[in-house]
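Novice: Need coordinates for the following:
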Amino acid sequence: MQPLYYVMAILGCGDDGAACQQVRLEPVRYQSAAACQAAMANALQRSTDLSFPVVQAACERRGLMMADATARRRG
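Specialist: Numbering: from 1, shown residues only. Below is the predicted model:
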């Protein structure tokens, strides 16, 4: 089973920050959302080569996530 981790997607957006599309995925896996967000400023600085009016980053959860079957039975 693969553990839960976070990756950072670099998004290119229009002038108003809308209509964003993923243009790059950082190769690093982060153990938490907080670690991913802490690395965001550096990742955006490395993305100055992108030709979009606005460049943003977003941390996304990846890996296998399983539901707790016992929680359903208790309810």
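
Novice: so where do the strands sit in the chain?
Specialist: Along the chain, counting by DSSP state E, strands occupy 5-13, 21-25, 54-62.

Novice: Deepest in the core, which of the ones you listed is it.
Specialist: strand 5-13 (a mean of 18; mean count of other C-beta atoms under 10 Å). Yep, even glycine has a C-beta here, placed from its N, CA and C like the rest.

Novice: Outside of it itself, which residues are in contact with it?
Specialist: Contact partners of strand 5-13, identified using C-beta atoms under 8 Å, 6 or more residues apart in numbering, comprise 19-26, 28-33, 35-36, 39-40, 43-44, 47, 50-63.

Novice: And the residue nearest the centre of the protein?
Specialist: residue 59 (2.1 Å; C-alpha atoms, centre = their mean).

Novice: For residue 24, which non-adjacent residue is spatially closest?
Specialist: residue 10 (3.9 Å; C-beta to C-beta, 6 or more residues apart in numbering).

Novice: Tell me the predicted confidence for that neighbour.
Specialist: Residue 10 is assigned a pLDDT of 97 by the prediction.

Novice: Let me see the contact set for the residue nearest to the centre of the chain.
Specialist: Residue 59 neighbours (C-beta under 8 Å, 6+ apart): 6, 7, 8, 9, 30, 33, 36, 37, 40.

Novice: who's the closest residue to residue 21 other than its chain neighbours bridged to?
Specialist: Distances taken as C-beta to C-beta, 6+ apart put residue 12 closest to residue 21, at 5.9 Å, once the chain neighbours are dropped. Beta-bridge pairing for residue 12 (DSSP bridges): residue 21, residue 55.

Novice: Give the burial count for residue 36, as a bare number.
Specialist: A count of nearby residues for residue 36, using other C-beta atoms under 10 Å, gives 23.

Novice: Help me confirm that residue 54 comes into contact with residue 19.
Specialist: No. Between residue 54 and residue 19 no contact is recorded; they are 9.8 Å apart, counting by C-beta atoms under 8 Å.
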